[in-house]
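>>> Okay, structure incoming, though there's no sequence with it:
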């Protein structure tokens, strides 16, 4: 008994183990439903393909086989088509009246020509007699009479025509090197023996155009064509910081014409280099900027008066004194139209010059709008966008926003509407014009430009020219400065020492 029950018990245990390890039968209900759906879909697709490939063309061929092609190809309308059997039945029905099968299929209509009851009337040809036309010539039997004219001819009056002045042709476009050769004979440097202080330009054989600030600071003493000169104030416009000086002694040069065109945006201009005499520097115009014209680049005229020259050798603008923070990325100048008006009107001298910083503030304030209120940034941002932002701080921020987000800060310089304030936490210096941020600079390597440059990056001149083709590179106070629209990089010993974003 025990031996017989052993295999049965083993089979029962195996069955129990199988039920425990395989709790679900296969196939499941979901598998059957999916198989049924696949079968139905496959059948529908097969039926559609079979019908359109085999059944439909066969039915179409059968329907076309019953068509009367002979009747369809005749010019009769479909309503009047008649088969041969119908024509034969029609002929048998009417055979007693003398028709046959073939004859009945012919038309019984006969077309006869109409008979004329009256003869045609003969057309008579009449010749038209010419009618006489009036003529101004006399007939053969009449005397010729001269007609009197009613027109009255008066002798011309001799009038004196107003003589218009002949305007000399503008000088043609040449290379910038040749353009500076034309201007160098009329370029004036003011100041002490090192010729640092200001500049001017000869606009008449004995008149020099410069700034009132330069004239006041240097007392009108300078150099023209390498010769020492003394001058006296002939005319001035304190509202634009312009002065016209009359030469008293020394000098002698060639006057430089004033351009009739205003400087255009991104136009290349040149100015003199007082450090390297006989050479010139390249600048770029920003176009109209508020009451003045803007440009970026560096000139040696700390107190203004540097003539900005185009490729015709004409004065396009006259630079004003530089702002106190010595920015190369933004400077201002008086455009040619205002210069021509001032030289021609020669207003009487009077009053001190306007603060150059006030003109600078007005020019930059006209280029930027206030940023709306915002929530303080929640994460760090190191991206530098030329002419837009430095990290989380865009241009156009108000002073109230800076105080709310960063605190009071350390005021570095303040003159009227001009303010420079330093914050150590983000390590940024903000420049404000009438309460709006117009420039942000840093000496911290956290911030990076789109080209991958940051403070500490080593760049060669070839890298700068290829990646910033529109940039201007100058030596500035023993530093190399590279400026493009909206951004300035300052180099020291081949490394970037500071970054600045500016209003473009």
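Nice, thanks for sending it over. Just so it is clear, the structure is predicted and the values come from calculations on it, not from any experiment. Numbering: from 1, shown residues only.

>>> So what does residue 47 look like in phi/psi?
Taking degrees, to the nearest 10, you get phi -60, psi -40 for the backbone angles of residue 47.

>>> Would you quantify the distance from it to residue 37?
Taking Cβ to Cβ, to the nearest Å as the measure, residue 47 falls 16 Å from residue 37. For the C-beta atoms, the positions are set from N, CA and C on the backbone; glycine is no exception.

>>> Now do the helices in this structure.
For the chain, the helices defined by DSSP state H cover 2-21, 29-50, 56-65, 69-73, 84-93, 101-104, 176-184, 212-218, 336-345, 356-365, 399-406, 461-467.

>>> quick one: pLDDT of the residue nearest to residue 233 when sequence neighbours are not counted?
Nearest residue to residue 233 in three dimensions, chain neighbours excluded: residue 349, at 4.9 Å (Cβ to Cβ, 6 or more residues apart in numbering). Note for residue 349: predicted pLDDT of 91.

>>> Equivalent analysis for the one 5 residues further on, please.
In this model, residue 354 is scored at 82, pLDDT.

>>> Could you verify my assumption that it touches residue 242?
No - at 10.1 Å, residue 354 and residue 242 do not qualify as touching, with contact defined as Cβ atoms under 8 Å.

>>> Looking at those two, which has the bigger crowd around it?
Relative neighbour count places residue 242 above the other of residue 354 and residue 242, with 27 against 16, counting by other Cβ atoms under 10 Å.

>>> Distance check, the more buried one against residue 372.
Distance, residue 242 to residue 372, using Cβ to Cβ: 39 Å.

>>> ditto for residue 416
Taken as Cβ to Cβ, the span from residue 416 to residue 372 is 26 Å.

>>> Residue 267 now?
From residue 267 across to residue 372, the span is 34 Å (Cβ to Cβ).

>>> Same question for residue 174.
To residue 372, residue 174 is 50 Å away according to Cβ to Cβ.

>>> next one: residue 387
Residue 387 is 19 Å from residue 372, by Cβ to Cβ.

>>> More neighbours: which of the two?
Between residue 387 and residue 372, residue 387 has the larger neighbour count (other Cβ under 10 Å), namely 16 against 8.

>>> Chain neighbours aside, what residue packs nearest to the more buried one?
Nearest residue to residue 387 in three dimensions, chain neighbours excluded: residue 486, at 2.4 Å (Cβ to Cβ, 6+ apart).

>>> Assess the claim that that neighbour and residue 390 are in contact.
No - with contact defined as Cβ under 8 Å, residue 486 and residue 390 do not form a contacting pair (11.1 Å).

>>> And the two? Which one has more around it.
Using other Cβ under 10 Å, the more surrounded residue of residue 486 and residue 390 is residue 390, with 26 against 19.

>>> and residue 404, what is it in contact with?
Residues near residue 404 by Cβ atoms under 8 Å, 6 or more residues apart in numbering: residue 376.

>>> Surely residue 227 is in contact with residue 249?
No - Residue 227 is beyond contact range of residue 249, at 9.6 Å (criterion: Cβ under 8 Å).

>>> Compare these two (neighbour count), which wins?
residue 227 (12 against 9).

>>> returning to what we had before: shared neighbours, residue 486 and residue 390?
Common neighbours of residue 486 and residue 390 (Cβ under 8 Å, 6+ apart) are residue 501.

>>> Please identify the buried residues of stretch 255-270?
Neighbour-count burial for stretch 255-270 flags 255, 256, 257, 258, 259, 262, 263, 267, 269, 270 (criterion: 16 or more other Cβ atoms under 10 Å).

>>> With stretch 268-285 instead?
Result for stretch 268-285 [16+ other Cβ under 10 Å]: buried residues 269, 270, 271, 272, 273, 274, 280, 281, 283, 284, 285.

>>> min pLDDT across the residues you listed, which one?
When the buried residues of stretch 268-285 are compared by pLDDT, residue 274 scores lowest at 77.

>>> what's the closest non-adjacent residue to that one?
residue 300 (4.0 Å).

>>> The one you found touches residue 279, doesn't it?
No - the pair residue 300 and residue 279 fails to qualify as a contact (Cβ under 8 Å) at a distance of 11.1 Å.

>>> what's near enough to touch residue 444?
So residue 444 contacts 427, 428, 455 (Cβ under 8 Å, 6+ apart).

>>> give me the low-pLDDT residue ranges for this structure?
Low-confidence segments of the chain, defined by pLDDT under 70: 1-26, 57-168, 192-196, 324-326, 461-467, 469-470, 474-479.

>>> Can you give me the domain boundaries for it?
176-365, 383-502 (automatic domain parsing).

>>> Okay, residue 338 and residue 395: tell me how far apart.
Distance from residue 338 to residue 395, by Cβ to Cβ: 28 Å.

>>> So the two - more neighbours on which side?
Neighbours per residue, other Cβ under 10 Å: of residue 338 and residue 395, the larger number sits with residue 395, 25 against 19.

>>> and that one, what is it in contact with?
Counting by Cβ under 8 Å, 6+ apart, residue 395 makes contact with 368, 387, 388, 389, 437, 438, 439, 440, 501, 502, 503.

>>> Just the buried subset of these, please.
Neighbour counting with 16+ other Cβ under 10 Å marks 368, 387, 389, 437, 438, 439, 440, 501, 502, 503 as buried within those.

>>> Which of these fall within strands?
Among the buried ones among the contacts of residue 395, the ones falling in strands (DSSP state E) are 389, 437, 438, 439, 440, 501, 502.

>>> who touches the second one in this structure?
Read that as residue 437. 368, 393, 394, 395, 396, 397, 398, 402, 430, 431.

>>> Tell me which two in those residues are the farthest apart.
368 and 402 (14.7 Å; Cβ to Cβ).

>>> Now do the phi/psi pair for the residue nearest to residue 387.
When read as degrees, to the nearest 10, the backbone of residue 486 gives phi 90, psi 0.

>>> Touching, residue 429 and residue 413? I think so.
No - judged on Cβ under 8 Å, residue 429 makes no contact with residue 413 at a distance of 10.1 Å.

>>> joint contacts of the two?
By Cβ under 8 Å, 6+ apart, the residues touching both residue 429 and residue 413 are residue 420.

>>> out of these two, which sits in the busier spot?
residue 429 (21 against 13).

>>> Could you check how far that one is from residue 327?
Using Cβ to Cβ, one gets 12 Å for the distance from residue 429 to residue 327.

>>> and what of residue 320?
Taking Cβ to Cβ, one finds residue 320 at 13 Å from residue 327.

>>> of those two, who's got more company?
For residue 320 versus residue 327, the count of surrounding residues by other Cβ under 10 Å is larger for residue 320: 30 against 22.

>>> ok, that one - contacts?
Counting by Cβ under 8 Å, 6+ apart, residue 320 touches 211, 213, 241, 292, 304, 331, 332, 333, 334, 356, 359, 360.

>>> sorry, back to before: what touches both of residue 300 and residue 279?
272, 273.

>>> Is residue 331 in contact with residue 322, as I believe?
Yes - the criterion here is Cβ under 8 Å, and residue 331 meets it with residue 322 at 6.2 Å.

>>> Have a look at these two and say which one is more surrounded.
Set residue 331 next to residue 322 and count neighbours by other Cβ under 10 Å: residue 331 wins out with 28 against 23.

>>> For the closest residue to the more buried one other than its chain neighbours, which residues are in contact?
Using Cβ to Cβ, 6+ apart and skipping residues adjacent in sequence, the residue nearest residue 331 is residue 295, 5.6 Å away. Shown in contact with residue 295 (Cβ under 8 Å, 6+ apart): 263, 269, 283, 284, 285, 286, 308, 317, 319, 331, 332, 333.

>>> these two touch, right, residue 501 and residue 389?
Yes - using Cβ under 8 Å, residue 501 makes contact with residue 389 at a distance of 6.8 Å.
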